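K.L.:
Give me coordinates for this.
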Amino acid sequence: MKKVFLVLLLIPLLICACRDDYPSEKLEESESKDIDRGALDKRNEMSGAFAATAGEREFEGQFEEKVIRTGYVSIKSGKVKEAYEKTLLLVKKYEGIVVNSNMSSYETSEGAKFEIKVEPEKFLPLLDELKTVGKIESENISEEDVTEEFYDVEARLSNARKVQDRLFDLLKKAYRVEDILKVEREIERIGEKIETLEGRIKYLNSRTDYARITVNIYNQKISVIEGTGIKKGFIRSFKLALQFFFGIIWFIIILIPLIILIIVLWLIILWTIRRKRRRR
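P.N.:
Residues are numbered from 1 along each chain as shown. Next up is the predicted model:
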């Protein structure tokens, strides 16, 4: 009878135990679902980032091109001054800027040199019109596409600024001196990086906003006399004659009076010696 009573008491306990196991299974199931959801959210986030990156790649085709354009023109002209003035008028016509200009004139040659900045779309038209200034002896045009570099530097600058903002937030929350010093060192390092990137962007902008043209105008004077060497020989002979003439004048003016003075002194000395001898 006692055994039957114990069995009856154990049955409810077993039922409760079974019921207690059920929530744990449910909890494990819910946790696994949460993990799956987290993985799914992460996967969705990654796919979204990939889609954004793909969108950026598609948008890259719409980015403004960044091209460094430079040109060099050597022009021969019999009238350098007129060619100089005509070049200035062309620069004004195409709304360019003369960065440097100078003229030079020597015995055998004369010339003028320009360094011009002009908007990229007016670069080639201005080069074409420069051919009317004189005879083109040489011409060189170069283009360097820096579009990829420019937007790469711009993206790195944007990321560096975001990192700098996060470091400033960390600095506000830091309490230990060691942590504060570490964050300040990182802020300084990122600040230097930002300055370098900003400088590169400014340089690329300055080189791509305007195209540059160097213009060299010259005229070489060649005479028959100089070519045969007669003029040089005449000049040399004339210089030698002048030197000889001035040498004679120097001899007459300086040496002859000196010689006369020496002779006079010598005669006085001789006269004095003879007079002493006579007295003896």
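K.L.:
Heading C-terminal from the lowest-mean-pLDDT helix or strand in the chain, find the next helix or strand.
P.N.:
Ranking every helix and strand in the chain by mean pLDDT, DSSP states H and E puts helix 2-59 at the bottom, with a mean of 40. Downstream of helix 2-59, the next assigned helix or strand under DSSP states H and E is strand 67-76.
K.L.:
And the pLDDT for Gln243?
P.N.:
We have a pLDDT of 79 for Gln243.
K.L.:
Point me to the helix or strand that includes it.
P.N.:
helix 230-250.
K.L.:
which element follows that helix toward the C-terminus?
P.N.:
Next in line after helix 230-250, if elements are assigned by DSSP H and E, sits helix 256-279.
K.L.:
Who are the packing partners of that next one?
P.N.:
Contact partners of helix 256-279 among helices and strands, from 3 or more CB pairs under 8 Å, 6 or more residues apart in numbering; DSSP states H and E: none. For the C-beta atoms, the positions are set from N, CA and C on the backbone; glycine is no exception.
K.L.:
Give me the contact list for that helix.
P.N.:
Here helix 256-279 makes contact (CB atoms under 8 Å, 6 or more residues apart in numbering) with no residue beyond itself.
K.L.:
Tell me the buried residues in the helix holding Gln243?
P.N.:
Applying a neighbour-count criterion of 16 or more other CB atoms under 10 Å, one finds nothing buried in helix 230-250.
K.L.:
which ones are touching Ile187?
P.N.:
Listed by CB under 8 Å, 6+ apart, the contact set of Ile187 reads Gln164, Leu167, Phe168, Leu171.
K.L.:
Weed out the non-buried ones from the residues you listed.
P.N.:
Buried among these by 16+ other CB under 10 Å: Gln164, Leu167.
K.L.:
Need the contacts of Ile187 in a markdown table (columns: distance to Asn140).
P.N.:
Below are these laid out as a markdown table (distance: CB to CB, whole Å):
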| residue | distance to Asn140 |
| --- | --- |
| Gln164 | 43 |
| Leu167 | 48 |
| Phe168 | 49 |
| Leu171 | 53 |
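K.L.:
can I get the CA coordinates of stretch 88-102 in PDB?
P.N.:
Only the C-alpha atoms of stretch 88-102 are listed here, as PDB (Å, rounded to 0.1, in the frame of the first residue of the first chain):
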ATOM      1  CA  LEU A  88      49.200  89.300 -74.700                       C
ATOM      2  CA  LEU A  89      46.100  90.100 -76.800                       C
ATOM      3  CA  LEU A  90      45.400  86.400 -77.400                       C
ATOM      4  CA  VAL A  91      45.700  85.700 -73.600                       C
ATOM      5  CA  LYS A  92      43.300  88.500 -72.900                       C
ATOM      6  CA  LYS A  93      40.900  87.200 -75.600                       C
ATOM      7  CA  TYR A  94      40.800  83.700 -74.000                       C
ATOM      8  CA  GLU A  95      40.500  85.200 -70.500                       C
ATOM      9  CA  GLY A  96      43.900  83.700 -69.500                       C
ATOM     10  CA  ILE A  97      46.300  84.800 -66.800                       C
ATOM     11  CA  VAL A  98      50.000  85.600 -67.500                       C
ATOM     12  CA  VAL A  99      51.900  84.100 -64.500                       C
ATOM     13  CA  ASN A 100      55.400  85.100 -65.700                       C
ATOM     14  CA  SER A 101      56.600  87.100 -68.700                       C
ATOM     15  CA  ASN A 102      60.000  88.600 -69.600                       C
END
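K.L.:
So which bits of that stretch are buried?
P.N.:
Leu88, Leu90, Val91, Gly96.
K.L.:
could you give the mean pLDDT of it?
P.N.:
The model assigns stretch 88-102 a mean pLDDT of 90.
K.L.:
so how far is that stretch from its chain's centroid?
P.N.:
22 Å (CA atoms, centre = their mean, to the nearest Å).
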